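J.: sharing a model prediction with you, sequence too.
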Amino acid sequence: MDNIFNSFKERILLGLKNNIPVESRLIMLGEIIYAVGCQDLVPKQARELEDLLDLEGAIRNYADVREQAIFGELIENEKVHQSLPH
């Protein structure tokens, strides 16, 4: 797992150094998510790599965009709060 993590990290750092476009970063994120599904990376490593991609700095409202990608819709804070056990 560490070899795969380091490979991703090196590629991300090289890409950032070369000012890769956000679309390339999104493709890398898809590869990272796939690697987690194949159990080549653990979620903690994937989150670290996602942070390294700096998508929050490149995409306005990235947290909302990410949420829509995961759930297919934007979940309002109120809905989330209501669904949590009290």
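T.: In hand now; what should we look at?
J.: what sits closest to the most centrally placed residue in the chain if chain neighbours are left out?
T.: By CA atoms, centre = their mean, the chain has its centre lying nearest to residue 50, at 3.9 Å. Using CB to CB, 6 or more residues apart in numbering and skipping the chain neighbours, the partner closest in space to residue 50 is residue 29 (6.1 Å). For glycine as for every other residue, the C-beta is placed from the backbone atoms N, C-alpha and C.
J.: would you quantify the distance from that neighbour to residue 16?
T.: From residue 29 over to residue 16 the distance is 13 Å, taken as CB to CB, to the nearest Å.
J.: how confident was the prediction at the residue nearest to residue 50?
T.: Residue 29 is assigned a pLDDT of 96 by the prediction.
J.: and for residue 80?
T.: So residue 80 comes in at 49 (pLDDT).
J.: ramachandran angles for residue 65?
T.: Dihedral pair for residue 65: phi -60, psi -40, per degrees, to the nearest 10.
J.: how much space between it and residue 17?
T.: Counting by CB to CB, the gap from residue 65 to residue 17 is 25 Å.
J.: neighbour-wise, which of the two wins?
T.: residue 65 (14 against 8; other CB atoms under 10 Å).
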